[in-house]
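[1] Starting from these lines, generate the structure:
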Amino acid sequence: MKSRILWRMVLVSVLLTLLTLSWVPTASAQSADQKLATQSGLGTKQLDKDKLPGKLELGITVASVIGAIAAIKYL
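    As a prediction, the model looks like this:
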C-alpha cells in the first residue's frame, strides 16, 4: 500500500516537473531588462540633487542598520 502511494507521488512530481519545464521561455526571448539595456540614451539621465537623501537621512539609515545588527546579535 505504501509503495503504491510512493509511486503515485513520484509520478505526480515528474508530471509537475515536466509541466513546469514546458512553460519556461525560450532563450531567444528577451526579458524586459534586456530590452531596456539595449535602448539608446539610457546613460544620459541626470540626478536631481534635491531628491537625493541628505546627511541626516543617511545617518539615520546607518544607525538603524547598526541597531538591527546589534539587536539580532545580542538579543
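
[2] List the contacts of P53.
    Counting by Cβ atoms under 8 Å, 6 or more residues apart in numbering, P53 makes contact with T61. (Glycine included, C-beta is placed from N, CA and C.)

[3] Please tell me how far stretch 62-75 is from the chain's geometric centre.
    24 Å (Cα atoms, centre = their mean, to the nearest Å).

[4] Could I get the average pLDDT for that stretch?
    Taken as a whole, stretch 62-75 carries a mean pLDDT of 90.

[5] burial measure for V12, as a count.
    By the criterion of other Cβ atoms under 10 Å, V12 has 10 neighbours.

[6] and if you look at the one 5 residues further on?
    Number of residues near T17 (other Cβ under 10 Å) recorded here: 10.

[7] Look up how far M9 lies from it.
    Shown here: T17 relative to M9, a distance of 12 Å by Cβ to Cβ, to the nearest Å.

[8] With L19 instead?
    Applying Cβ to Cβ, one obtains 16 Å for the distance of L19 from M9.

[9] Confidence-wise, which helix or strand of this protein is lowest on average?
    Taking mean pLDDT, DSSP states H and E as the measure, the helices and strands of the chain show their lowest mean at helix 32-38, namely a mean of 69.

[10] list the buried ones in the helix or strand just after that one?
    Sequence-wise, the next helix or strand downstream of helix 32-38 (DSSP states H and E) is helix 55-74. Residues of helix 55-74 classed as buried under the neighbour-count rule (16 or more other Cβ atoms under 10 Å) do not occur.

[11] For helix 55-74, give me every contacting residue.
    Under Cβ under 8 Å, 6+ apart, the answer for helix 55-74 is P53.

[12] can you give me the offset of that helix from its chain's centre?
    The offset between the C-alpha centroid of helix 55-74 and the centroid of the whole chain comes to 24 Å, using Cα atoms, centre = their mean.
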